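Asker: A structural model of the following input is requested.
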Amino acid sequence: MNKNIIDTIYEKMPHMSQTDKKISEVVLRNPQKTVDFTISELSKLAQVSDASVSRFCKNLSLSGFHQLKVELAKASQNEDNYYKELDKDDVGNSIKSILDNKIVEIKNTIEGISKTELKEIMNILKKSRIVQFAAEGDTYIVAQDAEYKFNQIGRLAISSNMWENALAQTLNMSSQDCIVAISNSGESSRLLKQIEEAKKKEIKVIAITNHSESPLALLADYHIKTTFRQRVLQSEYYFSRVAAMSVIELLFLLLIVEDKQMLESIKNHEELIVVTKI
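Answerer: Below you'll find the model as predicted:
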């Protein structure tokens, strides 16, 4: 699936200037309506100058306002590209909106993965002696979930929520191993340092981030871009662990499909831990 202009705006928003964010808010509120705007109408609604709208288009690597409208016309026909607003006075509608937003995050993330790269990633995961999952902060729960799943299917997986320990793990790995690094911005200095050390040891790196042009994405051998649609407050967006966990689930299930023996590993593990359940 080719990335459309709406996905591009969402991806770049966290790093935009306040002026570009104001323009983005107007565009994303109703992409289809924006197609019919003049540059002056858009600048007035965003409370910026006409020149700011032109710069906004350039920052999106577009030739100008006309190309923005052309790209929006292509993307605005698909309802999946719209953010569904939440209504504090209507819980039922808000629940549906959250569900719709999460479905889009998962759908666009999975459909956006290159099938060619996915096959190569799967091959690396199958052949690696150790798979290390690296993440920081509230994203670490994704790494922890991945570690559990991969160990269940007989793939030796490690992780640590303490960076110093995670770095030490990396230093004890070799070119026979791989790292799956999970990050929102792809700009964590500590995670980047860890990956730089991994590259020195010729360890294959698979990155999962929101931004395809982030330092981590560019440093990695393979990159899977997650899509996010959830909004907090009026205009701030945050990393959706749902999309990242869906990528892990995808890799986990594809590994099982390719090797039925992994189901036996899960069964054996479940039989051993069943005694701990009431």
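
Asker: Helix, strand, or coil at Asp138?
Answerer: helix (DSSP: H, G, I helix; E, B strand; the rest coil).

Asker: Can you show me the strands along the chain?
Answerer: 131-134, 157-158, 178-182, 204-209, 222-225, 231-232, 236-237 (DSSP state E).

Asker: For Gln18, give its distance to Leu45.
Answerer: Using C-beta to C-beta, to the nearest Å, we find Gln18 at a distance of 16 Å from Leu45. In this view, the C-beta of every residue, glycine as well, is placed from N, C-alpha and C.

Asker: Who has more neighbours out of the two?
Answerer: Per other C-beta atoms under 10 Å, whichever of Gln18 and Leu45 has more neighbours is Leu45, with 17 against 8.

Asker: Which residue is the nearest non-sequential neighbour of that one?
Answerer: Val26 (4.9 Å; C-beta to C-beta, 6 or more residues apart in numbering).

Asker: Run a quick check on that neighbour versus Ala46, I expect a contact.
Answerer: Yes - with contact defined as C-beta atoms under 8 Å, Val26 reaches Ala46; the gap is 4.7 Å.

Asker: Next up, phi/psi of the most centrally placed residue in the chain, please.
Answerer: By C-alpha atoms, centre = their mean, the chain has its centre lying nearest to Thr226, at 2.1 Å. Listed backbone geometry of Thr226 is phi -90, psi 150, with angles given as degrees, to the nearest 10.

Asker: quick one: contacts for it?
Answerer: Neighbouring residues of Thr226 by C-beta atoms under 8 Å, 6 or more residues apart in numbering: 105, 109, 208-210, 239-240, 243-244, 247.

Asker: so which of the strands of the chain comes closest to Val53?
Answerer: strand 236-237 (21.1 Å; C-beta to C-beta).

Asker: any idea of the mean pLDDT for that closest one?
Answerer: Per-residue pLDDT over strand 236-237 has a mean of 44.

Asker: One more: stretch 91-99?
Answerer: Rounded mean pLDDT across stretch 91-99 is 79.

Asker: Which strands and helices lie in contact with the lengthiest helix in the chain?
Answerer: Ranked by number of residues, the top helix in the chain under DSSP state H is helix 91-111. With contacts taken as 3 or more C-beta pairs under 8 Å, 6 or more residues apart in numbering; DSSP states H and E, helix 91-111 sits against helix 241-258.

Asker: quick one, the helix it packs on and strand 204-209 angle?
Answerer: If you take axes from the mean of the first three to the mean of the last three C-alpha atoms, to 10 degrees, helix 241-258 sits at 140 degrees to strand 204-209.

Asker: Okay, buried residues for stretch 97-115 please.
Answerer: Neighbour-count burial for stretch 97-115 flags 97, 100-102, 104-106, 108-110, 112-113 (criterion: 16 or more other C-beta atoms under 10 Å).

Asker: any idea how the chain splits into domains?
Answerer: Per automatic domain parsing, the structural domains of the chain span 5-81, 109-276.

Asker: show me where pLDDT drops low in this structure?
Answerer: Within the chain, the stretches with pLDDT under 70 are 1-3, 76-89, 229-240, 277-278.

Asker: now do 80
Answerer: 1-3, 11, 14, 76-94, 97-98, 100-101, 228-240, 275-278 (pLDDT under 80).

Asker: which residues does Leu251 contact?
Answerer: So Leu251 contacts 121-122, 125 (C-beta under 8 Å, 6+ apart).
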